[in-house]
Each structure stands twice: as C-alpha cells, then as structure tokens.
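Engineer: Dropping a prediction and its sequence here:
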Amino acid sequence: MGAEDVMYLEGMDQHRGWFQSSSILSFCMQHRLPFKYLVSHGFVLDELGNKMSKSLGNVVSVQHLLRRALDDVPETKSWSQVLYNTFAGKITLDVLRMWVASADYTHDITISVPALQEAQDTVYRWRSMLRFILGCIHNDEIVDRV
C-alpha cells in the first residue's frame, strides 16, 4: 500500500507533533507526503466551550449519560451533573448516536443540554414518523416482516 492509499486522521492538536515530523521526513526523503488524504477532526467541548480532557476532569462518560437512576450521585454544581439530572432515564444510545451522527466532525462539537435535547427531539420525530408510516401499511405480510 503506497502513499496514494493512505489517509491521516489527526486531531487539531496533533498537527505540530507526529503529523508534522512524518510529513517533513517523508517529503525530504521521497519528495512527497506520506498520505493522500488528511482528515482533521475537532474536539468535544463542554457547554462552556472548554475542551473535554481527562486531565481537567471535565469528561462525561457515556455510562454516566446512560445511567437511569440518580441513586448514589453526589450533589455537585458541575455542568456534567446538570446534564445527568436533566437526562437521567431519557438519554438512550439512539439519542447519543443521533448527536454523534449529526455533528460536523471537522469542527469542535459541544455536548450540552440543548445539543442533547435537539438529538432527543430528532429521534422522537423519526420514531413518530416511522410508527405512522407502519400504521398506514395494510399488507399484513409486510408488517410481519418489519
């Protein structure tokens, strides 16, 4: 597989590291870049616009968003707790999938109450529309297969 088949997928913070050194080295040695396609993705930001980072302690895990009960959750004023309290029992994998699928990965994306509510509303609208369409189908054979 040559450079014509290679895609580099890099976060914006990596442009000055491995990506830069591999590009410079390849160009000096082979007079070409080591990739054909470059995809640069953004970051997930909290509602305040801060990059989510384990070292900052502001990462919200999927498990945290999907938990259905508020048992054993300490009182806190962090935005992640606001997300949790707002969506406990409502955020499903489908809502998170819709949030991810509708995001523009080439820019930073924000995980916030309004963003998740929008994804939740979209999933609800799709489900309602599909239920209506299925309800209009009179062919029992088709309904049984679905």
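Structural biologist: Yep, it's here.
Engineer: And the helices in this protein?
Structural biologist: Secondary structure of the chain (DSSP state H): helices at 18-30, 62-66, 79-87, 93-101, 113-136, 140-145.
Engineer: domain parsing for the chain?
Structural biologist: The chain breaks down into these domains under automatic domain parsing: 1-41, 43-145.
Engineer: Now mean pLDDT too, for these, in a markdown table please.
Structural biologist: Below are the domains of the chain laid out as a markdown table (pLDDT from 0 to 100):
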| stretch | mean pLDDT |
| --- | --- |
| domain 1-41 | 83 |
| domain 43-145 | 75 |
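Engineer: May I see these arranged in CSV, with mean neighbour count as well?
Structural biologist: C-beta here means a position set from N, CA and C on the backbone, and glycine is covered the same way. Conversion of the domains of the chain to CSV gives the following (neighbours: other CB atoms under 10 Å):
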stretch, mean neighbour count
domain 1-41, 12
domain 43-145, 13
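Engineer: roughly how far apart are residue 59 and residue 37?
Structural biologist: Taking CB to CB, to the nearest Å as the measure, residue 59 falls 29 Å from residue 37.
Engineer: hmm, I was thinking of residue 55
Structural biologist: Distance from residue 55 to residue 37, counting by CB to CB: 30 Å.
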